[in-house]
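Q: quick one, structure for this:
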Amino acid sequence: MDGDRRGWRRCELGGAVFAVCMAGTTLPTPLYGLYQEKFGFSELVVTLVYAAYAFGVIGVLLLAGNVSDTVGRRPVLMCGLALAAASAVCFLSATGLGWLFAGRLLSGLSAGLFTGAATVYVMELAPPGGASRATFVATAANMGGLGCGPLLAGVLAQYAAWPLYLPFAVHLALVAGSAAVLWWLPETVHERRRPRTVRPRRPGLPPKVGAVFGPAATASFVGFALFGVFTSVSPAFLAQSLDVRNHAVTGGVVALAFFASTAGQLAVGRVGAGRSLPLGCAGLLAGLALLAGALHWDLLVLVVLSALVGGAGQGLSFRGALAAVAGASPPDRRAAVVSTLFVVAYTGISVPVIGVGVLTGPMGLEGAGLVFIACMAVLVSTAAVYLLRHPVRAGA
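A: All right, here's what the predicted structure looks like:
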């Protein structure tokens, strides 16, 4: 009993470290408007700064996604925390646009190291027989941390002094505390090798996985693209079209999408992988429709509903996609296939968002948003129709 209690304490502390790191990746979301005022850049530049994060994540997934299996979990996570601290320092030192790009890129590198290694580490810290609860801890830490970032920054920016500095100073202190916790936690990889033995693991797709991977990857792409728009462009829409200039409200709206995603992921256990993918696609389509209504009629309530419904759809579809492609993959290629899915997902969080930024100049923010919604709706509808005609096996 004492061993179980100790194991769960370690598991939950590992989850807290995970959440702190992920919170840093979304911390700048409600602050982009203030940076625009300070440095005088366009909405396109906002999306490019945001996308630098995704490029950092993709780079780590392609080149070092398996490094923690070789050198151990704690060294990789310590490196991730160091990168998170460096990102915070960049934002604290920001005197121009270059600092913002550097901070976002470092944040992406940090998240790339944490996403896989911390998920596995949290599960390995749990006592035997606790896989289901440990999965919940890892899921809640990941998406909950992403949600807490804009909420924390929005509240501090609205109700405390130094809005462009205090959020990152607080996060830097949390990262320091997390490093102390991680130093105390045990290593779970017992046969470690030297870093020079690490080889990049190329994403791969065995032929028999293609039928499942296509619709699963499409749903993941759309879900992450929706998150990309919420975390990069929605603060400008709320301020310009709805006259919502309260940073705490802006951060809270974005946080809702991530918290709803957590709920959607947790619902997969009851719904099943076979049904969660088409249901998630339906949720994404409904979220996109609500967002289109919000853009057309300038209604805050529709933005909130879009965050809730679209976020839940993203959670359902993404965890269902992970279960489907992992179940269809041969064991010796499973990690490579999952890495490929993550690369597609993080491409979704960057490329469409940049497209919105490019179209904002000639079409305005609302016009660019409607074009984005139309494109994503076609993609997710195609995936949903395919899944209804070719259901994913329930055992996947």
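
Q: which elements pack onto the longest helix along the chain?
A: When the chain is parsed with DSSP state H, its longest helix is helix 351-389. When contacts are defined as 3 or more Cβ pairs under 8 Å, 6 or more residues apart in numbering; DSSP states H and E, helix 351-389 sits against helix 43-64, helix 210-232, helix 234-240, helix 273-297. Where you see a C-beta, it was placed from the backbone N, CA and C, and this is true even at glycine.

Q: switch the cut-off to 10 Å
A: On a contact count with 3 or more Cβ pairs under 10 Å, 6 or more residues apart in numbering; DSSP states H and E, helix 351-389 meets helix 43-64, helix 210-232, helix 234-240, helix 273-297, helix 300-328.

Q: could you export those helices as TSV, including mean pLDDT, distance to residue 367 and mean neighbour count?
A: Below are these laid out as TSV (pLDDT from 0 to 100; distance: least, Cβ to Cβ, whole Å; neighbours: other Cβ atoms under 10 Å):
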stretch	mean pLDDT	distance to residue 367	mean neighbour count
helix 43-64	91	12	22
helix 210-232	91	14	25
helix 234-240	92	12	22
helix 273-297	93	9	23
helix 300-328	91	17	24
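
Q: and of these, who's closest to residue 248?
A: For these, the distance to residue 248 is smallest for helix 234-240, at 11.7 Å, taking Cβ to Cβ.

Q: elements contacting that closest one?
A: Applying 3+ Cβ pairs under 10 Å, 6+ apart, one finds that helix 234-240 contacts helix 32-39, helix 43-64, helix 131-159, helix 247-271, helix 273-297, helix 300-328, helix 351-389.

Q: check which residues of the longest one are buried.
A: Put plainly, it is helix 351-389. Buried positions in helix 351-389, judged by neighbour count with 16 or more other Cβ atoms under 10 Å: 352-357, 359-360, 365-366, 368-370, 372-373, 376-377, 379-381, 383-384, 386-387.

Q: so where is this structure shaky, pLDDT-wise?
A: By pLDDT under 70, the low-scoring segments of the chain are 1-3, 195-204, 273, 332-333, 335, 393-396.

Q: returning to that earlier point: residue 264: which of the helices and strands packed on helix 351-389 is closest?
A: Of all these, it is helix 300-328 that lies closest to residue 264, at 2.4 Å by Cβ to Cβ.

Q: helices and strands around that closest one, which ones?
A: By 3+ Cβ pairs under 10 Å, 6+ apart, helix 300-328 packs against helix 131-159, helix 210-232, helix 234-240, helix 247-271, helix 273-297, helix 334-348, helix 351-389.

Q: by how many degrees do that helix and helix 247-271 diverge?
A: Relative orientation of helix 300-328 versus helix 247-271 (axes from the mean of the first three to the mean of the last three Cα atoms, to 10 degrees): 40 degrees.

Q: mind checking how far helix 300-328 is from the chain centre?
A: For helix 300-328, the separation from the chain centroid amounts to 12 Å (computed by Cα atoms, centre = their mean, to the nearest Å).

Q: surely residue 71 touches residue 189?
A: Yes. The criterion here is Cβ atoms under 10 Å, and residue 71 meets it with residue 189 at 7.9 Å.

Q: who's in contact with residue 73?
A: Taking Cβ atoms under 10 Å, 6 or more residues apart in numbering, we find residue 73 in contact with 14, 116-118, 120-122, 124-125, 182, 185-189, 192.

Q: which one among these gets closest to residue 217?
A: Closest to residue 217, out of all of these and judged by Cβ to Cβ, is residue 116, at 17.6 Å.

Q: identify the residue nearest the closest one in space, chain neighbours excluded?
A: Once flanking residues are discounted, residue 116 sits nearest to residue 65: 5.8 Å by Cβ to Cβ, 6 or more residues apart in numbering.

Q: isn't residue 137 up against residue 123?
A: Yes. Using Cβ under 10 Å, residue 137 makes contact with residue 123 at a distance of 8.2 Å.

Q: these two: which is more packed in?
A: Legend: neighbour count by other Cβ atoms under 10 Å for residue 137 and residue 123, higher for residue 137 (24 against 18).

Q: and the closest residue to that one other than its chain neighbours, how many residues sit next to it?
A: Counting by Cβ to Cβ, 6+ apart, residue 137 lies nearest to residue 15, which is 4.3 Å off, once chain neighbours are set aside. Residues within reach of residue 15, counting by other Cβ under 10 Å, total 26.

Q: what does residue 331 give?
A: Residue 331: 7 neighbours (other Cβ under 10 Å).

Q: list the contacts of it.
A: Under the criterion of Cβ under 10 Å, 6+ apart, residue 331 has no neighbours.

Q: what's the distance between it and residue 68?
A: Distance of residue 331 to residue 68, computed by Cβ to Cβ, to the nearest Å: 19 Å.
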